[in-house]
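Novice: Predicted model follows, preceded by the sequence.
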Amino acid sequence: MKPFEKILIPTDGSENAKEAATRGLELAKLMDAEVTAISIMDTGSLYFGRGSRQTAVLSYPYLEEEANLAVDQVRQEGEAMSVIVKKIIMKGVPANEIVKASKDYDLIVMGTFGHTGLSHLLMGSVAEKVVRFASCPVLVIRTHKE
């Protein structure tokens, strides 16, 4: 089996994403793979049930800050493991943007992002959509609750 050379690690900063990032970085270290951490600012959620365009404009800096924190956490953990991590931050629908990016990678390592209940029913799981439509293999890390 050919080792994975380029690994994409999507992150939203959640505990599930952090655990998946750790596993992805461990795998990258074993395989001497390049890693890219990606965080998608979910602009669609700004308008879903939140009100006005003004609310969306005011929320944008918060989304950008959270995305930066999420990818920086992966980068810092990578540095501690001697794994270089590139960062990508973009706007869009997370599943769609991850699927588009998948063509440039050998593997995606991601967690399940914690949408439950009505939100999951209406939007579906990001991980489910990525598994279904990505151009490369996807390793989904499930977090075990104590």
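Specialist: Received, thanks. Residues are numbered from 1 along each chain as shown.

Novice: only C-alpha atoms for contact and neighbour calcs from this point on.
Specialist: Fine.

Novice: Now the helix of greatest length in the chain: buried residues?
Specialist: Using DSSP state H to define each element, the chain has its longest helix at helix 53-80. Neighbour-count burial for helix 53-80, counted by 16 or more other CA atoms under 10 Å, picks out 56, 60, 63-64, 66-75, 77-78.

Novice: Can you tell me the SS state at Lys103?
Specialist: Three-state assignment for Lys103 (DSSP: H, G, I helix; E, B strand; the rest coil): helix.

Novice: before we move on, back to that, okay, who's weakest in the buried residues of helix 53-80 by pLDDT?
Specialist: Least confident of the buried residues of helix 53-80 in the model: Ala56, at 50.

Novice: following the lowest-mean-pLDDT helix or strand in the chain, which helix or strand comes up?
Specialist: The helix or strand of the chain with the poorest confidence is helix 117-123; it has a mean of 51 (mean pLDDT, DSSP states H and E). Note on helix 117-123: by DSSP states H and E, the next helix or strand toward the C-terminus is helix 126-133.

Novice: on that earlier part again, how far is the longest helix of the chain from where the chain is centred?
Specialist: Relative to its chain's centre, helix 53-80 lies at 12 Å (CA atoms, centre = their mean, to the nearest Å).

Novice: and the angle from the helix or strand following it to helix 53-80?
Specialist: As assigned by DSSP H and E, the chain's next helix or strand after helix 53-80 is strand 85-92. For strand 85-92 against helix 53-80, the angle by axes from the mean of the first three to the mean of the last three CA atoms, to 10 degrees is 170 degrees.

Novice: got any ranges where the protein has weak pLDDT?
Specialist: 1-2, 44-58, 113-124, 144-146 (pLDDT under 70).
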